[in-house]
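Q: Show me the folded form of this:
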Amino acid sequence: MKDTIKTIVDGVLNSYAQLFFTQDKVTGVLVLAASLTNPLVGVWGLIGAVLCMLLGLLMGTDRTLIRQGMVSFNGVLVSLGLASTLAINGAFIGLFGVACLLSVWLSITFFHRLGKHNLPSLSAAFLGGYWVVMIAVAGFSSIHTQAISAETPAHWYDSLVQQWPLPDGVRYYLQSLGCILFQGNVIAGGLVLMGILWASRISFTLSVLGFGIGYGLFSSLGGNSIHISDHFIGFNFILTAIALGGFFYVPNWRTYGLAALSMPVVVLLAMAGTNLFGKVGLPIVSLPFVLVVPMVIYVLRMGNRIPGMVEVIYQHYSPELNLYSFRNHQQRFGKSTYVEIGLPFFGEWSVYQGYNGRFTHKDAYRFAWDFVIRDAADKTFRTTGLTPDDYYSYNMPVVAPASGYVVAIVDGIEDNPIGNMNIKENWGNAIVIKHADYLYSKIAHLKKDSFTVRLGDYVRKGDVLGALGNSGRSPEPHIHVQVQATPDVGAPTIQYPITYYLLKNQQQISLKSYDVPQENETIANIRTTPLLRDAFGFLPGQTLRFDIEASGEHWMEEWVVGTTSLNQSYLYCAVTGATAYFVNDGTMFYFSLYVGPRHGLLYYFYLAAYKVMLGFYRSTTIDDEIPLQQVDKGAGRLIQDFLAPFMVYRHYRYQLAYTYMDNHIRPKTLRIHSTIHKAVLGRTQQLYNFELTLENKMLSQLTIQYRGKLLTARQIQSVADSAEATSIPILIEELV
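A: Presented below is the predicted three-dimensional model:
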């Protein structure tokens, strides 16, 4: 029962917030308040929302859809529309219930049927349901139309506002916002405007842009400006601009242009619909909006991809969050690949020849690498270097750069004497592995009879394939590696990055992600450290308990490790309701998404371990950027939101360093240190300072420093080891 009540309360607020493409509860309250500026109408909208959700629950509809308001927001509009045009009597009440049932059926049908084509249903269920009822009532003698009295409180307030010196454009804009709720008054529009501004500054600017262009064009063509609000024309400009400019596409100057470009079509459809349906007494309500938005989305999908026009995949119900999340994902994973290709060797090697190399990597074969081992004196051989055995790389193991099937092997070719080359059998002994359709890797110049695999074998990333020789066109021992689209040994190359590798520059070691090794660089595969692998190897069903201390206060927090149906791993904290999604690919651990409040230990762990390489390298630093929305707040954030589609000038830099390990062979204690810096227009300020201590195959301690405050969390084995706490003291919230 308690869960049902919460579902209905959340669903009511989301029903109103959804009208403006958000699920913000404050916006829901403000829009609900706007609908009540005429209480005689607004109350029926609220009743309709609750009734639609109860009907959805009765029919076994997914509670998530109900809680999000997806089942009821069309019912709210239908209810408001009927209450604003029909007289309230017994017959109306019966009709009202049937209309709500119809709107629920239409909402679910349109949502799922259009959803199969990945197209939004928008308010199509409201449009269909409202029109059906209004056409039907003409045949029922017990149901009468009735205009709203001018003496209602909403109209009394509005008549007072009429005395304010508002420009016509501003007045029509506010009235159009109210018309969405069948409340065509400035008071309602002002409340809706506050709700839009609270939820999204981008939605606000788009609403002004869409209305300004639509109103200007409508007026310039000789349209009656009064009809902008009382014929439901204006709010179609507003909703279409928000939908195309910031909700269904990641907002930028191109989407603003798309919103502007769509306005003439909305004006045309609005006037055509008004003239056509007005003859039978039907208002167009949201018809232009419902037609234009899915049509534009469909047309853009059918054409060639337009650079910068990116559809939102994971909907945050906020243009700002959609934008910030997309930018962060592009920065972190923009170069990522479907198949992760690694280096085909152990240890530290040098790039003798890279893309467009000095000697042989030309034209169709330009995307390839040659690797050798060099010593401190930059030599590739010991002693005289006159025989292959003198070279450091000779006879070294060659490993699979990624998992796949062996589709080609060339063997039986003798090694060359140093300085000689076998031009006829150019690739020497070589192996080709299929990783995916149209994606193969080839490794050449191996040693005769050294292969440890056979044709058709399945190999895993890191499996030894054979030993390096000096066969083929190879004046001295080196590994030739390339990625290609076909299985032929002599196939042309394709450009493809190496997923993760370490770049050594003097005494510094840096992590490279989805990058291309350059000529003369010294690089290495990441060698993982068992303690790091164990500590971050969270398994589904595992429970982590922490005793937390700050300023003498103690409390506890517990996390549960889980996996979604899409195989996404996450940490969940029941105390705060937070969820942190993570990826562990055996080489890297990183968080991909955090959902929840900005307090609690899980939030700080998300920041502290945002990206961790699972190999300890003392002089190595890991750099990344925290999503702006996870840290930023205040007036500066509001300004950034207004400018976000055109420029992002606030950044939160993450850096991790490996500081201590007691034993390089079997470490028992290991420490890593991470920080977050705020960077605004070239000025940098440190916000967070974290230290993670790993012991006994787990994260034993996390220390957080922020604004002079210190919080320490220690992982314990069971709740009995420390005093239990059911909630987080206010002290931890002060750290935010």
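Q: Surely residue 421 and residue 475 touch.
A: Yes: counting by C-beta atoms under 8 Å, residue 475 is a contact partner of residue 421 at 5.6 Å. C-beta coordinates here come from the backbone N, C-alpha and C atoms, glycine included.
Q: who's more crowded, the two?
A: residue 421 (16 against 13; other C-beta atoms under 10 Å).
Q: and the more buried one, what does it touch?
A: 472-475 (C-beta atoms under 8 Å, 6 or more residues apart in numbering).
Q: same question, residue 315
A: Per C-beta under 8 Å, 6+ apart, neighbours of residue 315: residue 322.
Q: SS state for it?
A: coil (DSSP: H, G, I helix; E, B strand; the rest coil).
Q: and what of residue 639?
A: Under the three-state scheme (three-state DSSP), residue 639 adopts helix.
Q: Counting neighbours, what do you get for it?
A: For residue 639, using other C-beta under 10 Å, the count is 13.
Q: go on, residue 98?
A: 12.
Q: From residue 48, how far out is it?
A: Taking C-beta to C-beta, to the nearest Å as the criterion, residue 98 is separated from residue 48 by 12 Å.
Q: May I have the beta-bridge partners of residue 511?
A: Beta-bridge pairing of residue 511 under DSSP bridges involves residue 502.
Q: Just the pLDDT for it.
A: Looking at residue 511, its pLDDT is 90.
Q: Spit out the contact partners of it.
A: Contacts of residue 511 by C-beta under 8 Å, 6+ apart are 500-503, 526, 613, 620-623.
Q: Can you lay out those residues as JSON lines showing neighbour count?
A: Compiled in JSON lines, the contacts of residue 511 are given as follows (neighbours: other C-beta atoms under 10 Å):
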{"residue": "500", "neighbour count": "20"}
{"residue": "501", "neighbour count": "21"}
{"residue": "502", "neighbour count": "20"}
{"residue": "503", "neighbour count": "17"}
{"residue": "526", "neighbour count": "20"}
{"residue": "613", "neighbour count": "24"}
{"residue": "620", "neighbour count": "19"}
{"residue": "621", "neighbour count": "16"}
{"residue": "622", "neighbour count": "21"}
{"residue": "623", "neighbour count": "12"}
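Q: for those, which one is nearest residue 322?
A: Distance to residue 322 across those (C-beta to C-beta) is lowest for residue 623, with 24.7 Å.
Q: before we move on, the earlier item: among the contacts of residue 511, which has the minimum pLDDT value?
A: residue 620 (85).
Q: Dihedrals phi and psi, it?
A: Main-chain dihedrals, residue 620, degrees, to the nearest 10: phi -100, psi 140.
Q: Please name the nearest non-neighbouring residue to it.
A: Spatial nearest neighbour of residue 620, excluding adjacent residues (C-beta to C-beta, 6 or more residues apart in numbering): residue 509 at 4.3 Å.
Q: Helix, strand, or coil at the one you found?
A: For residue 509, the assignment made with three-state DSSP gives strand.
Q: and if you look at residue 272?
A: Quick answer, by three-state DSSP: residue 272 is helix.
Q: I figured the residue nearest to residue 620 hits residue 615, correct?
A: No: using C-beta under 8 Å, residue 509 is not in contact with residue 615, being 10.2 Å away.
Q: Listing request: residues of this protein with sub-threshold pLDDT.
A: 147-164, 230, 717-736 (pLDDT under 70).
Q: which residue is nearest the centroid of it?
A: Per C-alpha atoms, centre = their mean, the C-alpha nearest to the average position across the chain is that of residue 325, at 4.8 Å.
Q: That one and residue 644, how far apart?
A: Applying C-beta to C-beta, the value for residue 325 to residue 644 is 12 Å.
Q: now, the most widely separated pair of the contacts of residue 421?
A: Longest span within these, C-beta to C-beta: 472 and 475, 10.4 Å.
Q: Okay, strands next: where are they in the stretch 251-400 of the chain?
A: Taking DSSP state E, counting those that start in this stretch, the strands of the stretch 251-400 of the chain run over residues 348-353, 368-372, 397-399.
Q: Just the contacts of residue 421: which are in strands?
A: Under the assignment DSSP state E, the contacts of residue 421 contribute nothing to strands.
Q: Out of these, grab the one that's most surrounded.
A: Highest count within the contacts of residue 421 by other C-beta under 10 Å belongs to residue 474, 25 neighbours.
Q: what's the distance between that one and residue 426?
A: Using C-beta to C-beta, residue 474 is found at 9 Å from residue 426.
Q: Check residue 603 too.
A: Counting by C-beta to C-beta, the gap from residue 603 to residue 426 is 57 Å.
Q: Looking at the two, which is more packed in?
A: The residue with more neighbours, out of residue 603 and residue 426, is residue 603; 22 against 17, by other C-beta under 10 Å.
Q: what's the neighbour count on the closest residue to the more buried one other than its chain neighbours?
A: Distances taken as C-beta to C-beta, 6+ apart place residue 578 nearest to residue 603, at 6.1 Å, with adjacent residues excluded. Residue 578 has 24 neighbouring residues, counting by other C-beta under 10 Å.
Q: what's residue 578 in contact with, if anything?
A: Contacts of residue 578 (C-beta under 8 Å, 6+ apart): 572, 594-597, 600, 602-603.
Q: try it again with 6 Å
A: 596, 600, 602 (C-beta atoms under 6 Å, 6 or more residues apart in numbering).
Q: which residues touch the first one?
A: Meaning residue 596. Here residue 596 is in contact with 576-578 (C-beta under 6 Å, 6+ apart).
Q: any idea how far residue 63 is from it?
A: Taken as C-beta to C-beta, the span from residue 596 to residue 63 is 20 Å.
Q: and residue 341, how far is that from residue 369?
A: For residue 341, the distance to residue 369 - C-beta to C-beta - is 11 Å.
Q: Settle it for me: which of these two has more neighbours?
A: residue 369 (27 against 19).
Q: OK, contacts around the more buried one?
A: Counting by C-beta under 6 Å, 6+ apart, residue 369 has contacts 351, 354, 481.
Q: run the last query once more with 10 Å
A: 343-344, 349, 351-355, 357, 361, 478-483, 493, 498, 516-519, 523 (C-beta atoms under 10 Å, 6 or more residues apart in numbering).
Q: Without its sequence neighbours, what residue ends up closest to it?
A: In this structure, residue 369 finds its nearest non-sequential neighbour in residue 481, 5.0 Å apart by C-beta to C-beta, 6+ apart.
Q: List the pairing partners of the one helix or strand that neighbour maps to within its sheet, with orientation.
A: In this assignment (DSSP states H and E), residue 481 forms part of strand 479-484. Strand 479-484 sits in its sheet next to strand 368-372 (antiparallel), strand 439-446 (antiparallel), going by DSSP bridges.
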